[in-house]
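>>> Structure, please.
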Amino acid sequence: MTMNHTILDLKLKNLIHVCKKTKNWHKVGVVGFAMMSNTVDEIALKLGTRPREKNKEPLLKYMHVVNEIFETNLHIQIFHDDIVETVKEVELIYLTNQGDLPLEYVKKILRAYYELRKIKVPNLYKNMTGEGYFDDSNFHLLSTGIRGRKDQSSKFKPIILQKISEQERRLQKKLNTQFEQGDFEQVIWLKNVKKGLDNERGFTTQGTLKDSLNYHQSPTIILKFMFIGVILLSLFFTVIVIAEIFLYPLTIPPLSNVLLIFLGVIAVMILLYKNVFRVR
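Residues are numbered from 1 along each chain as shown. From the prediction side, this is the model:
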């Protein structure tokens, strides 16, 4: 625990003590939500993610963006389901009630905050050296295979890629249960090496760890918006058709089929959306 955290915890403890006497948990809820929000922002910025537009972008949406980036790049989930579910449950009520929350929700916010503090991610603006990221025997094989003659390189390449993939899977499995900065850096470095071998360009350890990751939104985001757009558009036309039927009852026979088509499109799109994008 850092000195800053020690001071912060002491202030929070004193605030809880005061609010406990008054039975008014508003201040603790506001402070707790702010600390939770700031911790998420700090984690995301260390990982190289764009800053959150706090006045426009909900915390939950931002957490999904960060998760998607690292699931796409490294198959690692930064914010686990229990924390995401807590934010999903609390954020809307917090914003709607302007921070006035029952004690039950205040406790959930504080639990989520302390869970977030356990996520020790590296600063991805750190230079990518590769030192200590591969065990000695495998690194010797890697160096021999890539830096040797062309025929030697092609001979070693399948073995090297297999070793890298095995180490990647082991690290990904470990990181999805417990974060360790060294493991996080290592899995990014291995991704960089693997990419270099696949493209037959060799690999480089220059630049920062962040340079090896793609921070653009994946095509799945565009696909999500397409599904939602079709659903909303169909819903809009459905309302128009229903209004026409109420205003002009004689149009029921021709418009009933149109109405069924739009309702069918909505139902199909919702089912497809649920199957393709399972919400965590």
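>>> Going by C-alpha atoms from here, please, whenever you check contacts or count neighbours.
Noted.
>>> Need the CA coordinates for stretch 79-99. PDB is fine.
Included here for stretch 79-99 are C-alpha records, laid out as PDB according to Å, rounded to 0.1, in the frame of the first residue of the first chain:
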ATOM      1  CA  PHE A  79     -12.100  -5.600 -15.500                       C
ATOM      2  CA  HIS A  80     -13.700  -8.800 -14.400                       C
ATOM      3  CA  ASP A  81     -17.400  -9.600 -14.600                       C
ATOM      4  CA  ASP A  82     -18.100  -9.000 -10.900                       C
ATOM      5  CA  ILE A  83     -16.700  -5.400 -11.000                       C
ATOM      6  CA  VAL A  84     -18.500  -4.700 -14.300                       C
ATOM      7  CA  GLU A  85     -21.800  -6.000 -12.900                       C
ATOM      8  CA  THR A  86     -21.400  -3.700  -9.800                       C
ATOM      9  CA  VAL A  87     -20.800  -0.600 -12.000                       C
ATOM     10  CA  LYS A  88     -23.700  -1.600 -14.200                       C
ATOM     11  CA  GLU A  89     -26.000  -1.900 -11.200                       C
ATOM     12  CA  VAL A  90     -24.800   1.200  -9.300                       C
ATOM     13  CA  GLU A  91     -24.000   3.800 -12.000                       C
ATOM     14  CA  LEU A  92     -27.500   4.400 -13.300                       C
ATOM     15  CA  ILE A  93     -29.000   4.700  -9.800                       C
ATOM     16  CA  TYR A  94     -26.100   6.900  -8.700                       C
ATOM     17  CA  LEU A  95     -26.600   9.300 -11.700                       C
ATOM     18  CA  THR A  96     -30.400   9.300 -11.400                       C
ATOM     19  CA  ASN A  97     -30.400  10.000  -7.700                       C
ATOM     20  CA  GLN A  98     -27.500  12.500  -7.900                       C
ATOM     21  CA  GLY A  99     -25.400  10.400  -5.500                       C
END
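>>> That stretch: how far from the chain's middle?
The chain centre lies 15 Å from the centre of stretch 79-99; the measure is CA atoms, centre = their mean, to the nearest Å.
>>> List of residues touching it?
Residues outside stretch 79-99 that contact it (CA atoms under 8 Å, 6 or more residues apart in numbering): 26-27, 29-30, 59-60, 63, 67, 100-101, 105, 108-109, 112, 115-116, 280.
>>> mind running it again at 6 Å?
Stretch 79-99 is contacted by residues 30, 112 when judged by CA atoms under 6 Å, 6 or more residues apart in numbering.
>>> State the mean pLDDT of it.
Mean pLDDT, stretch 79-99: 91.
>>> Now the host helix or strand of Thr238: buried residues?
Assigned by DSSP states H and E, Thr238 falls within helix 219-247. Taking 16 or more other CA atoms under 10 Å as the basis for neighbour counts, the residues of helix 219-247 that come out buried are 227-228, 231, 234-235, 238, 241, 245.
>>> packing partners for it?
Packing contacts for helix 219-247, counted by 3 or more CA pairs under 6 Å, 6 or more residues apart in numbering; DSSP states H and E, involve helix 252-276.
>>> Now with 10 Å, please.
Packing contacts for helix 219-247, counted by 3 or more CA pairs under 10 Å, 6 or more residues apart in numbering; DSSP states H and E, involve helix 59-74, helix 252-276.
>>> and the ones you listed, which is most packed in?
With neighbours defined by mean count of other CA atoms under 10 Å, none of the helices and strands packed on helix 219-247 is more surrounded on average than helix 59-74, at a mean of 18.
>>> could you point out which element follows it?
From helix 59-74 onward toward the C-terminus, using DSSP H and E, the following helix or strand is helix 81-96.
>>> Can you give me the buried ones in that next one?
83-84, 86-87, 90-91, 94.
>>> Include distance to Ile261 when you put these into JSON lines, please.
Formatted as JSON lines, the buried residues of helix 81-96 follow (distance: CA to CA, whole Å):
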{"residue": "Ile83", "distance to Ile261": "40"}
{"residue": "Val84", "distance to Ile261": "36"}
{"residue": "Thr86", "distance to Ile261": "38"}
{"residue": "Val87", "distance to Ile261": "37"}
{"residue": "Val90", "distance to Ile261": "38"}
{"residue": "Glu91", "distance to Ile261": "37"}
{"residue": "Tyr94", "distance to Ile261": "39"}
